[in-house]
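> my questions are about this predicted structure, shown below with the sequence.
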Amino acid sequence: MPLNLEEVPGRPVSLDLRSVVPHNLAGISGKGPVVVTTTPDQWSYAGGFRFLKDRLPGAERIAIQVECTVRQGRIGVIVVKDDLRETLGDEERAPVDGDTTIQIVVDDVPESGWIIVRNNAPGGVKSECEIRSITIYALLPSPLRGFGEWAAKDETGSRVFEALRLKWNEVPVGLAGRRKTADLLELDDQRLERLWTETHREATTGAGYAARGWYQQLYGDVLRGKKVLDVGSGFGIDGLTFARMGAAMTFLDIAETNLQALKRLCGIFRIENANFFYLQDLNSLDGLANDFDVIWCQGSMLHVPFEFARREAQRLLQHLRIGGRWVELTYPPQRWEREGRLPFDKWGRCTDGAATPWAQWYDLERVLARLAPAEFEVVLSFNFHNDDFNWFDLHRISKPGSRWKA
C-alpha cells in the first residue's frame, strides 16, 4: 500500500526507537537503528514501540511507516491496543532478507497503543530485523465512513462492492497473514504454486484442521461431480481443493485480481472444469447459470448490512436449483458477545483487520430469514472452533407451506 503523501495533512511524527520494549525473551540491541531478534515461536511478540495520539491532534486515521532490513527469517508488524490483544490493523509482513518499507493504516485511532514487531517465520525459526525508522502520518477520513447506513440502501450494489474491493483484493495466506493478489500475480508459476500449497497446508492441517480441514474432508465426496458456485472465492483454498477433487466450480469474486490468480492456479493444477465470474454489481448476477447444485458461501455474506445481504442472497437463489444445497460459514453471536458487542461497523476491524467495513453475526434464524421466502430443510447447523465460526448446510425444498426443521 504505497502511501499517497499528497493526501497526508500536517507534519509526520517520528518515534524514538530507543523506547522499544522487549517481549517474550526477544533480543534488543542498538539505539537507532534497533536490531530485534525474536524467539523461534511463530507470531510471538518480540519488540513493542509505544505511540500516543496527542502527538497527532485531531487525527482520526493514521498510517504507520516502518523502514527496516530483514536479516534472518520473516517478521511482521502489527498495531494493537494497550491490552496487547485487540488489533488495530492487518499485520503486514516484510519480505525475507533485504531492505523494505512496511505501511499499516489504522482507523479510529485510540489515545495510545503499540506498534509490535513479531516473528512470522514458521517451523521454529528465529527472525532478526533492523528497524531504521518508524514514522506516523495523519490521514484523511476513510472513504468507508457511514458504510452501514448507505450500504443498506444501495440497490444495485455498485458502491458497496467498490468499497469492499478496498479490502477484499487481498486474501488470507496461512493462518494469520494476508497478501494482495496483485502482488501474487507477479510471482512465477513455481512460486505461486508453492505459496498456494503452503497456505493450503497451513490452513487445513495441524492447528488449521479444526478451522478448515475438517469440512474439506467432509465435503470432498459430497461435491464431487456437482455444479458449485463459490461466492467470494478469494485465493481458492476451498474452491481449488474441491475442483481438484472433481467438483465443477464457478469462482465468483468482486476482485478481478483474485480471479486472475485463480485462473493461473487452475492452469498450474490442470483444472479444466472451472469458470470465473466477476461480480461488478448485483445486476451482473443475471449472467450466471440457473442450475447450480450448491452455493458455497464461506464468510462472504457477513461483511455487509443484513438488508443488503438479503438482496444479494435473493439474487443468488435464482441460480440454485430446487433440491440444491446452500452451505455457509458465518460468525456466531457468541463470538460477538465475547469480543465486546461492538457496533458492526467496528467489529469487522476486530475480526478481519483494517479496511473491513462491516461484520455481522448470524444464527440459524437470521440466515433463514435472509433466504426467505425460499424454503429449506436443515442438514447441519452448529458452532465450532471455540464459537469463532458457525456452519449451516441447508437443503432447498419446494413443498408449499413447508417449514424448516432443526
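Noted; the coordinates are in hand. Numbers count the residues shown, from 1 in each chain.
> who does residue 376 bridge with?
According to DSSP bridges, the partner residues bridging residue 376 are residue 396.
> roughly how far does it sit from residue 332?
19 Å (Cβ to Cβ, to the nearest Å). In this view, the C-beta of every residue, glycine as well, is placed from N, C-alpha and C.
> residue boundaries of the helices in the stretch 51-200 of the chain?
147-151, 158-168, 181-184, 189-204 (DSSP state H, counting those that start in this stretch).
> can you tell which of these is closest to residue 288?
helix 158-168 (15.6 Å; Cβ to Cβ).
> would you mind finding the most buried of the helices of the stretch 51-200 of the chain?
helix 158-168 (a mean of 19; mean count of other Cβ atoms under 10 Å).
> helices or strands up against that one?
When contacts are defined as 3 or more Cβ pairs under 8 Å, 6 or more residues apart in numbering; DSSP states H and E, helix 158-168 sits against helix 147-151.
> show me what the helix it packs on is packed against.
Helix 147-151 sits against helix 158-168, helix 344-352, with contacts defined as 3+ Cβ pairs under 8 Å, 6+ apart.
> in JSON lines, list those helices along with mean pLDDT.
Formatted as JSON lines, the helices and strands packed on helix 147-151 follow (pLDDT from 0 to 100):
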{"stretch": "helix 158-168", "mean pLDDT": "90"}
{"stretch": "helix 344-352", "mean pLDDT": "86"}
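> nearest to residue 276, out of those?
helix 158-168 (15.8 Å).
> in the stretch 301-406 of the chain, which spans are strands?
320-330, 375-384, 389-397 (DSSP state E, counting those that start in this stretch).
> can you classify residue 49 by secondary structure?
strand (DSSP: H, G, I helix; E, B strand; the rest coil).
> show me what it is bridged to.
residue 115.
> ok, residue 142 touching residue 106?
No. Contact status for residue 142 versus residue 106: not in contact, 10.4 Å apart, counting by Cβ atoms under 8 Å.
> identify the contacts common to these two.
residue 61 (Cβ atoms under 8 Å, 6 or more residues apart in numbering).
> show me where pLDDT drops low in the chain?
For the chain, applying pLDDT under 70 flags the ranges 1-10, 90, 95-96, 143, 174-177, 354, 399-406.
> domain parsing for it?
Annotated domains of the chain cover 8-138, 147-397 [automatic domain parsing].
> and the longest one, how far apart are its ends?
Its first and final residues considered, domain 147-397 spans 35 Å by Cα to Cα, to the nearest Å.
> now the spatially closest residue to residue 223 that is not a sequence neighbour: how far from residue 136?
Once flanking residues are discounted, residue 223 sits nearest to residue 247: 4.2 Å by Cβ to Cβ, 6 or more residues apart in numbering. Using Cβ to Cβ, one obtains 47 Å as the distance from residue 247 to residue 136.
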